[in-house]
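> model the following, please.
(4 chains)
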2 protein chains.
Amino acid sequence: MKIGEASELSDLPAKTIRYYEEIGLVQSDRLDNGYRDYGKQQIHKLRFIQRSRSLGFTVEQCRTLLSLYDDPDRSSADVRALAESHLEEIEQKIQELAGMRDTLSQLVKSCQGDHRPDCPILNDLAGSQ
Amino acid sequence: MKIGEASELSDLPAKTIRYYEEIGLVQSDRLDNGYRDYGKQQIHKLRFIQRSRSLGFTVEQCRTLLSLYDDPDRSSADVRALAESHLEEIEQKIQELAGMRDTLSQLVKSCQGDHRPDCPILNDLAGSQ
DNA sequence: TCATAACCTTCCTGTTTGTGGAACGCTAGG
DNA sequence: CCTAGCGTTCCACAAACAGGAAGGTTATGA
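Numbers count the residues shown, from 1 in each chain, chains lettered A, B, ... in the order given. Now for the predicted structure:
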């Protein structure tokens, strides 16, 4: 099947699929006319990547996950460790964003938001605590 | 004062300060030897940007915030609108990350994490629901 | 049969926000 | 006079694609 169908089945843009090939994440066969040709196996890989990316794994982590997936001698501990470390990063990011949200919503609340120039938000940014 | 001191006072790496100058965010005077020279006003701006960035505003939003800060005829509504839209983006991002976290922590919990290859995490990624 | 639309290809550029490094100039101190 | 520690410019790279140009292929339909 050609890249358009692969794109639909994997829920990845064709551009992205080509990019993944360029960086050596998923190969493709070629038809006589040079078009990319995908089989079941490759579609499966593409979906695997799509799912992994949607969980926030980086492309390099996806590469590792794929190689673990392909390795019958893997230990589930390796997979779990990768997932756990990713989970920690996510939680850290959430904390960071939550801090911003709290500060920012305080600032927004404190600002009248009218035609006048006085603005506690700008005052805060300017460091006039 | 030279860029090293400006860096310390603004809590921004010298490289970053030069970058901000390159994109027209903060200018600098020059000494006879070509070294950048910063005054109180510029340090103030740098700190303003640093604070804004730490709240997650993009560089372009910082540019807007700076121009609002410099504009005596601004209306606080404009500032508030910018902050609110940024706040919404942050909240959206938090939601997204929280979704990842929930799914991922479920997966991590369900995985033994031992020497055996069986791994619910990989199974999930592979789409075997 | 031919035109055209809808695919596909490669290649180049741009995005965002800096960081790292090379190669070099200036200056203060020992 | 030499060296350390500043400063300068310029170039390359990072992640993960997206947009678009220029061109080849194929299916459809008049």
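
> now do the buried residues in stretch A:76-84.
Applying a neighbour-count criterion of 16 or more other C-beta atoms under 10 Å in any protein chain shown, one finds A:76, A:78, A:79, A:80, A:82, A:83, A:84 buried in stretch A:76-84. The C-beta positions use only the backbone N, C-alpha and C, and glycine is treated the same way.

> CSV please, covering those and showing distance to residue A:19 and pLDDT.
Below are the buried residues of stretch A:76-84 laid out as CSV (distance: C-beta to C-beta, whole Å; pLDDT from 0 to 100):
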residue, distance to residue A:19, pLDDT
A:76, 30, 93
A:78, 26, 93
A:79, 25, 94
A:80, 29, 94
A:82, 22, 94
A:83, 24, 95
A:84, 28, 94
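
> and of these, the nearest to residue A:58?
residue A:82 (10.6 Å; C-beta to C-beta).

> helices or strands up against the one helix or strand that closest one maps to?
For residue A:82, the host element (DSSP states H and E) is helix A:76-110. Helix A:76-110 is packed against helix A:59-70, helix A:120-125, helix B:76-110, helix B:120-125, with contacts defined by 3 or more C-beta pairs under 8 Å, 6 or more residues apart in numbering or on different chains; DSSP states H and E.

> do you know which of those lies nearest DNA strand C?
Counting by C-beta to the nearest atom of the strand, DNA strand C lies closest to helix B:76-110 out of those; the figure is 11.2 Å.

> could you pull out the buried residues of that closest one?
B:76, B:78-80, B:82-84, B:86-87, B:90-91, B:93-94, B:97, B:100-101, B:103-104, B:107-108.

> and if you look at stretch A:20-33?
In stretch A:20-33, counting by 16+ other C-beta under 10 Å, buried: A:20, A:25, A:26, A:28.

> how about these, which pair is most distant?
A:25 and A:28 (11.0 Å).

> so can I have JSON lines of the helices and strands packed on helix A:76-110 showing distance to residue B:15?
As requested, the helices and strands packed on helix A:76-110 are exported to JSON lines (distance: least, C-beta to C-beta, whole Å):
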{"stretch": "helix A:59-70", "distance to residue B:15": "25"}
{"stretch": "helix A:120-125", "distance to residue B:15": "22"}
{"stretch": "helix B:76-110", "distance to residue B:15": "25"}
{"stretch": "helix B:120-125", "distance to residue B:15": "38"}
